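[1] Next one to model:
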Amino acid sequence: MDFTELASIINLNSYTKNKQGVDENGKIFTHWMEKLGYTTEVFPREHIGDHLLFTSPVVAAKKRVLLLGHLDTVFPPNTFTDFSQDDEWIYGPGVCDMKGGNVVALEALRQVKSQQGAIANIDMLLVSDEESGSDDSKHLSSKLAENYDVCLVFEAAGKDHEVVIERKGVGTFNILLEGKAAHAGNHYVDGCNANLAAAHMIIALTALTDLSEGTTVNAGKISGGIGANTISPKAEIIVETRYTQSTEKERLLAALSEICAHTAVEGVKATLSGGIQRDVMQSSNQQLALLVELEQILGYPLKTEKRGGVSDANIVSAKGVATLDGFGPFGDGDHTVNERANKASFIRRISEVSKILLSFNDTVVR
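    Below you'll find the predicted structure:
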């Protein structure tokens, strides 16, 4: 396989906050997709890259398929920027997360176009802010998901080419504690210590973790106070929650509200903000039926796995769409300067996705 096209976008920095680079990546991909007959719908954004939806004609009585990826990567300019390769691996920012996955989808669509002459009912959405939590694009993805029956997501495959059937939900919350400052020597009892309230609160938050249910609560960042001689008037805690079941989400949300409503230090008030970034991706009957259908298409079952990390698969799955993730190549070191993807894995994944899309596309009137 020739990786020249992949190299061209790997060498283009598309850090989430680098709007110019993300948009340039999108323009290159737009050129490739429009050569396949796709129509491009651009969702302009001022401070992040534009989101792109590539649409094909709709044929009645066929399943509509959404291929889902993202244009952005995590590496700022002048950090980790260059494509390289050896006999077995390719290296660079996004080779597995997920410019490599986007290229798998592209090459599979080229196979469909080459063999069947036209593409219908198979669209592709590329968002620009997945690596920063999809705070903008999740609203678009959720709305568009209502138009589709099946979604294939092109994050990296598992080590044995597993596809992802479940991902934890994740929420990020900010807790602001407001107390009362006082001189720690002369007026100690007059103060209301926000730092002390935060310490009690972190213990209570951590106690919400239930590893047997796959639930974790992490007070990942704390700040507060003025100096050693002042009772702290303010403190802040940034908390992340992850969960594998909707019932756990409801438990956590209720507990967070309760903990913030009753601080351990009299006179300290807590304000809770933030919320669920991506809801849990759970297995479903529709997803199971899709796995069975893909086994019939490929002639063998796809191995599956569950992951603690999140992706935009969470968003589409939450809308009831039969969703499978991990259709990109196998790679490792993502989010580090050691990111790489396996060359042979590209060939395998392109072959598998091509067969799948050829089957979904084979009733096109040509």
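
[2] Span of stretch 212-232 from start to end?
    37 Å (C-alpha to C-alpha, to the nearest Å).

[3] show me what contacts V153?
    Applying C-beta atoms under 8 Å, 6 or more residues apart in numbering to V153 gives the contacts L68, G69, V164, S311, D312, A313, V316, T323, L324, D325, G326, F327. Heads up, the C-betas are built off the backbone N, CA and C, glycines and all.

[4] State the phi and psi torsions of it.
    phi -110, psi 140 (degrees, to the nearest 10).

[5] And what about V337, helix, strand or coil?
    coil (DSSP: H, G, I helix; E, B strand; the rest coil).

[6] Can you read off the pLDDT for the closest residue to it other than its chain neighbours?
    The shortest distance from V337 to any non-neighbouring residue, by C-beta to C-beta, 6 or more residues apart in numbering, is to F80 (4.5 Å). Looking at F80, its pLDDT reads 85.

[7] Kindly report the domain assignment for this protein.
    Annotated domains of the chain cover 4-167+281-361, 169-278 [automatic domain parsing].

[8] Spit out the contact partners of the residue nearest to the spatial centre of the chain.
    In the chain, the centroid-proximal residue (C-alpha atoms, centre = their mean) is S311; its distance is 2.3 Å. Counting by C-beta under 8 Å, 6+ apart, S311 touches E130, V153, E155, V164, R167, R278, D325.

[9] Go again with 6 Å.
    E155, D325 (C-beta atoms under 6 Å, 6 or more residues apart in numbering).

[10] L176 now?
    Here L176 is in contact with E236, T271 (C-beta under 6 Å, 6+ apart).

[11] What are the phi and psi values at it?
    Note on L176: backbone dihedrals following degrees, to the nearest 10 are phi -100, psi 120.

[12] That one bridge partners, please.
    E236, T271 (DSSP bridges).

[13] For it, give me the pLDDT.
    98.

[14] quick one on the thing from earlier: so which of the contacts of V153 is surrounded by the most neighbours?
    L68 (32 neighbours; other C-beta atoms under 10 Å).

[15] how many other residues sit next to the residue lying closest to D72 once chain neighbours are set aside?
    Closest residue in space to D72, ignoring its immediate chain neighbours: T16 at 4.2 Å, by C-beta to C-beta, 6+ apart. Per other C-beta under 10 Å, the neighbour tally for T16 reads 22.

[16] For T16, give me its contacts.
    Residues in contact with T16 (C-beta under 6 Å, 6+ apart) are D72, D129, E131, S132.

[17] Now, of those residues, which are buried?
    Listed as buried from those are D72, D129, E131; burial here means 16 or more other C-beta atoms under 10 Å.

[18] what's the spacing between the residue nearest to V337 and I10?
    From F80 across to I10, the span is 10 Å (C-beta to C-beta, to the nearest Å).

[19] out of the two, which sits in the more crowded spot?
    Each of F80 and I10 has its neighbours counted (other C-beta under 10 Å); I10 has more, 26 against 19.

[20] thought the more buried one was touching I90?
    No. Applying C-beta atoms under 6 Å, one finds I10 not in contact with I90, separated by 8.1 Å.

[21] mind checking how far the residue of the chain positioned farthest from its centre is from C192?
    In the chain, counting by C-alpha atoms, centre = their mean, N186 sits farthest out from the average C-alpha position, at 51.7 Å. Using C-beta to C-beta, N186 is found at 16 Å from C192.

[22] Quick one: the strands in the stretch 51-200 of the chain, in order.
    51-55, 65-70, 84-85, 89-91, 122-127, 150-153, 163-167, 169-178, 182-183 (DSSP state E, counting those that start in this stretch).

[23] Pairing partners for the third one, with directions?
    Meaning strand 84-85. By DSSP bridges, strand 84-85 pairs with strand 89-91 (antiparallel).

[24] Which ones among the contacts of V153 map onto strands?
    Applying DSSP state E to those, the entries found in strands are L68, G69, V164, T323, L324.

[25] check contacts around the closest residue to the third one other than its chain neighbours.
    Counting by C-beta to C-beta, 6+ apart, V164 lies nearest to D325, which is 3.8 Å off, once chain neighbours are set aside. For D325, the contact set (C-beta under 6 Å, 6+ apart) comprises V153, E155, V164, S311, A313.

[26] Would you agree the third one is in contact with G326?
    This points to V164. Yes. Using C-beta under 6 Å, V164 is in contact with G326, at 4.2 Å.
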